[in-house]
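K.L.:
Build the 3D model from these lines:
(2 chains)
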2 protein chains.
Amino acid sequence: MSSVKVNFLAQQKEVEVSAGSTLLQAAAKAGVPVEGNCGGKGTCGKCKARIVSGGGGKASPVELKYLSPAELETGWVLACQCSLWNDVVVEVRAQKDAYHRKSDLNRGEWGVAIKPSVEKILVSMTPPSVEDQTPDCERLLGHLPQVRQDVSRDLLSALPRILREAEFKVTAAMAGGRLLAVEPGDTTARKFGLAFDIGTTTVVGSLVNLNSGEVLADSAATNPQNVFGADVISRINHAAGGGLRQLQDKVVGAVNSIIRQLLAEAGINKNEVYEAVVVGNTTMSHLFLGIDPTYLAPAPFIPAFSRAVEVGTAELGLDMHPGGRVVVLPNIAGYVGSDTVGVMLATRIEQREGICLAVDIGTNGEVVLSGRGRILTCSTAAGPAFEGAQIRHGMRAAEGAIEAVSIDGDVTLKVIGNTAPRGICGSGLIDAVAEMAKSGVIDATGRFVGPGASGLSLDPRLMARLRRGENGCEFVLAPAGISAAGEDIVITQKDLRELQLAKGAIYAGIRVLLRELGVSGEDVTQVLLAGAFGNYIKKESALAIGLLPEMPLDRINSVGNAAGDGAKLALVSKSERARALSLARRAEHVELSTRAVFQEEFINALYFPAGN
Amino acid sequence: MSSVKVNFLAQQKEVEVSAGSTLLQAAAKAGVPVEGNCGGKGTCGKCKARIVSGGGGKASPVELKYLSPAELETGWVLACQCSLWNDVVVEVRAQKDAYHRKSDLNRGEWGVAIKPSVEKILVSMTPPSVEDQTPDCERLLGHLPQVRQDVSRDLLSALPRILREAEFKVTAAMAGGRLLAVEPGDTTARKFGLAFDIGTTTVVGSLVNLNSGEVLADSAATNPQNVFGADVISRINHAAGGGLRQLQDKVVGAVNSIIRQLLAEAGINKNEVYEAVVVGNTTMSHLFLGIDPTYLAPAPFIPAFSRAVEVGTAELGLDMHPGGRVVVLPNIAGYVGSDTVGVMLATRIEQREGICLAVDIGTNGEVVLSGRGRILTCSTAAGPAFEGAQIRHGMRAAEGAIEAVSIDGDVTLKVIGNTAPRGICGSGLIDAVAEMAKSGVIDATGRFVGPGASGLSLDPRLMARLRRGENGCEFVLAPAGISAAGEDIVITQKDLRELQLAKGAIYAGIRVLLRELGVSGEDVTQVLLAGAFGNYIKKESALAIGLLPEMPLDRINSVGNAAGDGAKLALVSKSERARALSLARRAEHVELSTRAVFQEEFINALYFPAGN
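P.N.:
Next up, the predicted model:
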């Protein structure tokens, strides 16, 4: 088989591949990273490269779709589509300059124009003279009429040298009318920002090109505050006991390590990152900002603040441009945080037709109900059952977790990573319980029918899985023989009760909001399941256990990490940020603990719906 | 001689003094501090005390002048006027509660209402409940509609605890719409501020009661930057060479030691001091704020900024309330600083009738000319001759300095502190030169007639004082026999030249401004001499040496430390602060180095005026 030589110009690398190989295969052989996230399927259009010499093939339909006529004319190809029959010289942008790795966030997908708060303006000034002694600051600001007049001391002090070294041609970086940085020459092509979703358990960050809106890198880390307790109440208590600074340092450290990882991955300098938009639950917002959360814990659950808070990056010690800004979006109440505002923002819940329900299931289940011109929120103390905590064999959705269960005569399991099961995660638990209810393993009150119960038409294979354990009945989901640890993975009566309390709280919260709005469950036209958990949950099972009001399946949709998407929207769009502030102000919080009707609904909601 | 017992109630002290002693003497014996700054002469009216029992003498004319009828009726006396003939019980306010020691600044004297930027408002809130979960910050700000929404993190963090400890009754301290502090209970009666004049040589500070406008204490200290050079150019060069932070630390240290002294003297806690207004020359403003002054030194003398700069006290490390603010008033040009704005503010120069000239004589002579609806400024490199530098026996106006000289046949000297002379200060130098010119010891070009010059009608006592020194002619002002150091105090030919250069620069600057405004020296209706030096200068001598244009003496007035007074005005009055900003914007700076006419005027101005 004949071979061809492929020379990668920018990387100064040459490889030989067999004729007919794709450019993507050649790049892989050469170790030259090429953009793209569809693995060569031709569905992302990201693996652009330019054939400098030796090209001339016909463009594929995929290339015609993703490349402009101008690009096609100047030799651009998609590496996965381009078969090589001659020696070629190819230009692939070095990855550290390739900001186009992901495109979650662009005009097409998000429906917003990329108009971030961070702006850059190139300013060319006439140098001073004895005839024109205008001071440096006033000289610059004369070209920036929209900018706030209170320039920071650091910037004032750096200005004289920068202006002269750059011969009075500089780029001004601004955000919200504030002058953040003055850089020599024209740097308008380089501006980046960060979006963070600070969860109690996990901190997720994204690096975004603020010129294009593209997401360049994502990264997540465990919230290291977890050493002071898994839930927000333990964290609040630790802060109240003098550990506030410690908790802040932990989460800022995690955020910084994510930033460093994102910057390294995308090849961006920290001084090119001017703004971060942060969402999180109300406790996390307090702790990240170092603000006393003590009075969030006891009734009446009062936050120190609900407004959006803007802080200098240097003040928080973040690894960004020292003149940059961090904006924490507003929270709504003690247990409805800016993450919920992010969900509202990303789902455009207030703009949707009809009655729309959004549920973000985590330790707390935040519920948003929108319709009739109102936006109602509440928070339900769902407890951590859905995250695997307080469940005998509960675990987070990681390799080895049973993520789906079906019972049809006998039990079938789906395990993350297709390995031997190690435990059961939230979606698996919901599936298992839904299927157990359907198959008659448990009754409508959530009680196991019990091993050896008579008069039941239970399949003997299921009956065999029922047994009496140390603390009452339990159901063997995975026998020791197939489990990773060599021990039975079971669901206990107590596990069932935990799940009932969790789903009952969410359901009751939904019911109270529906009442408040004067509508019923059937009136709900859309349900949006937010959060990572919402992605995995089986809709049928969610309905079967009574987590959501009974409704046609097609009304229920997962919306992924909508909270983080909301942070990104507020990062790339000033008007979206304004919408976030307006949504937070508009939202009416319903405090369930004051509603007698919540207790009533809650008790009713503990049972499993009839008809299963 | 019979004696009487004097019991000081508040201090719990008793002393015995001989009958007929004054209460002031008794207080001195008891070590009880009593207000007053005239040393018992009965000219300040400050040493108020109340005779609780044993009194009954007749009020002196001085007491009738300084005490109200109500005070006289309730036993108030002036301690220096009150002779003691019986045992008495006396109430003298403990000094730490005595805020009324000085009264330079009150409505009557300053012609402005005391309406400082710093405001305090008492807020009583309904505590939160499950029915009203408004967060703490929003709850407070709901009562402060005028306040800015960007509350500092420190304040946000402290708020929950303060509100609850104070049972939601707090005092909010604000300035310029910014929330500075939230204090438990009602502290509206306590708010204080600082005014600083940061000079190249001396830093002067005043502590002011922002409720009454009264100046509670004044203090001054040498600017410790002087170890890096006496003049601004040396300081700028040191900053440019990497010493900026060092220079800033020095001056901030001096400011802090003055603050501590003022607070101790007035018995005020630093957390009751919310704002400082600072003036200084442009270099000092840069250095105090830590802003690079490098390009102030070379032509075209460009400052980094001219605007007013506001900084948090914590950011600068000042010993005030950590949430407080420091405001440096705007400068006008590289060598016309906020101290000149202070002079303009305190003298109300723009509101005066006719053509008004203000001259602030120091290392630089700043000149302001106001009239015909314009305000012109210039700076003349007068050099430090008036401050005693580069003059053989020059010294600052301290004990032992010859401050006045008259020559009438022979020489008569006036020495500060009436001691043996140690040297000559600026006012003495001007006097001496004026008198030497008048008596014919020097000619119109500033040359000594020379010892042994013939054909002159010089008094032989003066001729005897003329001699040839190491560097040409010199005139013995004080012979070794009467001087403190036992050596002749002389004025040399070089001293004369230094003075000629200094006064010539100022005079030429004045002339250029007059030309710019299209008026002549005779049109000037008022001359205001600002600065400590202006207080001591003899008007006749200033005219005689040609420091000022020829004019009737009564048009010339000293206005004291008008720069510092301007800072105080901007501290106690929002509208005066606004006027300062407006004056700085309105002022038209005339850069003398670009004016050919300045060189010409300067050369002409070196000579002494005819007619002397």
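
K.L.:
need the residues of the stretch 451-600 of chain A near chain B, please.
P.N.:
Residues of the stretch 451-600 of chain A found near chain B (C-beta under 8 Å from any C-beta of the partner chain) are A:H589, A:E591, A:S593, A:T594. Every C-beta, even on glycine, is put in place using the N, C-alpha and C of the backbone.

K.L.:
farthest-separated two in the residues you listed?
P.N.:
The distance between the two most remote of those (C-beta to C-beta) is 11.7 Å, for A:H589 and A:S593.

K.L.:
When these two are compared, which one has more neighbours?
P.N.:
It is A:H589, of A:H589 and A:S593, that has more neighbours when counted by other C-beta atoms under 10 Å in any protein chain shown, with 19 against 12.

K.L.:
give me the number of residues near the residue lying closest to A:F448 once chain neighbours are set aside?
P.N.:
Nearest residue to A:F448, sequence neighbours excluded (C-beta to C-beta, 6 or more residues apart in numbering or on different chains): A:C473, at 3.8 Å. Using other C-beta under 10 Å, A:C473 has 22 neighbouring residues.

K.L.:
Repeat that for A:P552.
P.N.:
Neighbours of A:P552 (other C-beta under 10 Å): 9.

K.L.:
And A:N561, its phi and psi?
P.N.:
Note on A:N561: backbone dihedrals following degrees, to the nearest 10 are phi -80, psi 70.

K.L.:
surely it meets A:A195?
P.N.:
No. Using C-beta atoms under 8 Å, A:N561 is not in contact with A:A195; the gap is 10.4 Å.

K.L.:
in chain A, which segments are predicted with low confidence?
P.N.:
Within chain A, the stretches with pLDDT under 70 are A:1, A:31, A:33-39, A:43-46, A:93-110, A:383, A:450-456, A:610-612.

K.L.:
tell me the domain ranges of it?
P.N.:
According to automatic domain parsing, chain A comprises the domains A:3-97, A:118-184, A:192-328, A:348-384+A:509-605, A:388-499.

K.L.:
Tabulate those in JSON lines, adding columns for distance to B:E131.
P.N.:
Formatted as JSON lines, the domains of chain A follow (distance: least, C-beta to C-beta, whole Å):
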{"stretch": "domain A:3-97", "distance to B:E131": "51"}
{"stretch": "domain A:118-184", "distance to B:E131": "35"}
{"stretch": "domain A:192-328", "distance to B:E131": "8"}
{"stretch": "domain A:348-384+A:509-605", "distance to B:E131": "7"}
{"stretch": "domain A:388-499", "distance to B:E131": "31"}
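
K.L.:
Of all those, which one comes closest to B:G337?
P.N.:
domain A:118-184 (12.0 Å).

K.L.:
and that closest one, does that touch chain B?
P.N.:
Yes. Interface with chain B: domain A:118-184 contributes A:128-138, A:149-151, A:153, A:156-161, A:164 (C-beta under 8 Å from any C-beta).

K.L.:
from the stretch 401-550 of chain A, which residue is nearest to chain B?
P.N.:
With C-beta to the nearest C-beta, the shortest gap between the stretch 401-550 of chain A and chain B falls at A:V512, namely 14.2 Å.

K.L.:
Is it correct that that residue is in contact with A:Q599?
P.N.:
No. A:V512 is beyond contact range of A:Q599, at 10.1 Å (criterion: C-beta under 8 Å).

K.L.:
In terms of neighbours, single out the busier of these two.
P.N.:
A count of neighbours by other C-beta under 10 Å puts A:V512 above the other of A:V512 and A:Q599, at 23 against 12.

K.L.:
what's near enough to touch the more buried one?
P.N.:
Residues near A:V512 by C-beta atoms under 8 Å, 6 or more residues apart in numbering or on different chains: A:C378, A:V590, A:L592, A:R595, A:V597, A:F598, A:E601.

K.L.:
Take these and keep only those in strands.
P.N.:
In this view, those that belong to strands under DSSP state E are A:C378.

K.L.:
would you turn the contacts of A:V512 into JSON lines with neighbour count?
P.N.:
As requested, the contacts of A:V512 are exported to JSON lines (neighbours: other C-beta atoms under 10 Å in any protein chain shown):
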{"residue": "A:C378", "neighbour count": "28"}
{"residue": "A:V590", "neighbour count": "22"}
{"residue": "A:L592", "neighbour count": "23"}
{"residue": "A:R595", "neighbour count": "18"}
{"residue": "A:V597", "neighbour count": "13"}
{"residue": "A:F598", "neighbour count": "22"}
{"residue": "A:E601", "neighbour count": "21"}
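
K.L.:
Just the ones in helices from the contacts of A:V512, please.
P.N.:
A:V597, A:F598, A:E601 (DSSP state H).

K.L.:
Get me the contact residues on the stretch 251-400 of chain A for chain B.
P.N.:
A:289-292, A:294-295, A:299-307, A:309-311, A:315, A:333-334.

K.L.:
try 7 Å this time
P.N.:
Within reach of chain B by C-beta under 7 Å from any C-beta of the partner chain, the stretch 251-400 of chain A has these residues: A:289-292, A:294-295, A:299-307, A:310-311, A:333-334.

K.L.:
Mark which of the residues you listed are buried, thanks.
P.N.:
A:289-292, A:294-295, A:300-307, A:311, A:333-334 (16 or more other C-beta atoms under 10 Å in any protein chain shown).

K.L.:
State the three-state secondary structure for A:V311.
P.N.:
strand (DSSP: H, G, I helix; E, B strand; the rest coil).

K.L.:
ok now do it, which residues does it touch?
P.N.:
The contact partners of A:V311, by C-beta atoms under 7 Å, 6 or more residues apart in numbering or on different chains, come to A:L289, A:V326, B:R153.

K.L.:
among those, which are in helices?
P.N.:
Secondary structure defined by DSSP H assigns A:L289, B:R153 of those to helices.
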